[in-house]
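Asks: curious how this folds, go ahead:
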Amino acid sequence: MMLQRILCEDSVEGIFTGVYDIYEKKYDRSCIELKVPGNNENYQLFTTEEVVETNIEKAKKVANTIKKRFGTVVYDSLLRVAFSMEEDKANVIFQTICYGITYKKDERLLENIAYAPIGRVFQINRQVKNETNRFIELARFEEVKGGVLFAQIEPEQFILPLLAPHFTDRLKNENFVIYDANRKMALIHERNKGWGIYENLDIKRENMTFEAWEDEIQELWKVFFHTIAIEERKNSKLQKNMLPLKFRKNMTEFM
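Replies: Down below sits the predicted model:
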C-alpha cells in the first residue's frame, strides 16, 4: 500500500491546514501521514509526498470544528502539542481529530489513551504543560535602563505563546521581554497594548545596562533565599528533583 505523506509548515496554522486538505481532497486516511519538516528526513520506498501551503482561513475552520465538537480543553491540549518540538506531533494531532470525528467523540476524546495517537497526544501535552507551568513560576525579570523588564529562559519546548496569556495579564502595565535563548526568539509586550513573538534575535544579557539598583535587589533576594533555608534540613538530592539544574541557569538566586 502506498503511503501518502503530507508535509506542512511547522505551526498551528500549518498543521490545521494539512488536516483540512486531507479531508477536503478525500484522501484514504488509513495510509496518510501528516508531517512537519524535521532533522531526520529519510526517503522511504512506496511513499509519495505532497506539500500544503498554510491557509489561515482553512486553519480557522479546523480550529472552530475542534472547539465545537470536542470543547476548549481538547483544543488547548492540541495547541500545546502543536507548539512542542516533537517530530510526530502533526500526525498524532491529525489522527486524534480523525478518530474523534469518525467515532463521534465529545469533550472526553483525550480519555481514549489506549488508542496510540491519543496516548501520544496525552504524553506530549503533559510535557509541554508542565514545562510552561515551570517557567511561569521560575522566570526571573530584571529591569533594563529605560524601564523594560527582561527575562531569559531556555526551555526544551516552544512555550513563548503559552507564557504570553499569563504574563500579559499580570504585567499589562509593563514593557517586558521574555527571551528564548535556545531559539533566539522573544515574546515582546508593550505596556497596555498587545504582544508579539519575534524571531532571529541574538540578545546578550551581558551587553545590557540594567538599572543601578537592580544589583541591590538581586542581592537582597539571594540573602532572603539563603536566610529562609534550614541548614540542618538541607537535602541537595531532593532539591534537584524538585528543581532540576537545567532550570537554574537563569534564576537570580542560583547565579
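Asks: rest of the way, CA atoms for contacts and neighbours
Replies: Fine.
Asks: where exactly do the strands run in the stretch 51-200 of the chain?
Replies: 142-144, 148-153, 175-180, 185-189, 195-198 (DSSP state E, counting those that start in this stretch).
Asks: a markdown table for the ones you listed, including mean neighbour count, mean pLDDT and distance to residue 108?
Replies: Shown next, in a markdown table, are the strands of the stretch 51-200 of the chain (neighbours: other Cα atoms under 10 Å; pLDDT from 0 to 100; distance: least, Cα to Cα, whole Å):
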| stretch | mean neighbour count | mean pLDDT | distance to residue 108 |
| --- | --- | --- | --- |
| strand 142-144 | 18 | 93 | 42 |
| strand 148-153 | 20 | 96 | 34 |
| strand 175-180 | 23 | 97 | 34 |
| strand 185-189 | 22 | 98 | 33 |
| strand 195-198 | 15 | 97 | 32 |
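Asks: could I get these in CSV, plus columns for distance to residue 241?
Replies: Below are the strands of the stretch 51-200 of the chain laid out as CSV (distance: least, Cα to Cα, whole Å):
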stretch, distance to residue 241
strand 142-144, 27
strand 148-153, 19
strand 175-180, 23
strand 185-189, 28
strand 195-198, 32
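Asks: please name the nearest non-neighbouring residue to residue 96.
Replies: residue 118 (5.6 Å; Cα to Cα, 6 or more residues apart in numbering).
Asks: my read: the one you found touches residue 98, true?
Replies: No: judged on Cα atoms under 8 Å, residue 118 makes no contact with residue 98 at a distance of 10.7 Å.
Asks: show me which of the two is the more surrounded one.
Replies: Shown here are residue 118 and residue 98; by other Cα atoms under 10 Å, residue 118 has more neighbours (22 against 15).
Asks: any idea how far that one is from residue 21?
Replies: 21 Å (Cα to Cα, to the nearest Å).
Asks: who does residue 5 bridge with?
Replies: Per DSSP bridges, the residues bridged to residue 5 are residue 33, residue 49.
Asks: mind listing what it touches?
Replies: Shown in contact with residue 5 (Cα atoms under 8 Å, 6 or more residues apart in numbering): 32-35, 47-50.
Asks: report the residue ranges of every domain in this protein.
Replies: The record's domain parsing of the chain by automatic domain parsing lists 3-131, 139-254.
Asks: deepest of the ones you listed, which one?
Replies: The highest mean neighbour count among the domains of the chain, using mean count of other Cα atoms under 10 Å, belongs to domain 3-131: a mean of 17.
Asks: mean confidence for that one?
Replies: Domain 3-131 carries an average pLDDT of 93.
Asks: ok now that domain, how far from the chain's centre?
Replies: 15 Å (Cα atoms, centre = their mean, to the nearest Å).
Asks: between the two ends of it, how far is it?
Replies: Using Cα to Cα, first and last residues of domain 3-131 are 34 Å apart.
Asks: pull the contacting residues for residue 72.
Replies: residue 66.
Asks: contacts only, for residue 187.
Replies: 160-161, 164, 177-179, 195-198.
Asks: the longest helix in the chain is where?
Replies: Secondary structure of the chain per DSSP state H: the longest helix is helix 116-138.
Asks: what's that helix packed up against?
Replies: helix 72-82, helix 89-102, helix 160-170 (3 or more Cα pairs under 8 Å, 6 or more residues apart in numbering; DSSP states H and E).
Asks: can I get those helices in TSV with distance to residue 149?
Replies: What follows is these, written out as TSV (distance: least, Cα to Cα, whole Å):
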stretch	distance to residue 149
helix 72-82	26
helix 89-102	33
helix 160-170	11
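Asks: so which residue is dead centre in this protein?
Replies: residue 159 (3.0 Å; Cα atoms, centre = their mean).
Asks: what's the pLDDT at it?
Replies: In this prediction residue 159 is given a pLDDT of 97.
Asks: am I right that it is in contact with residue 83?
Replies: Yes: shown here, residue 159 and residue 83 form a contact pair, counting by Cα under 8 Å, at 6.7 Å.
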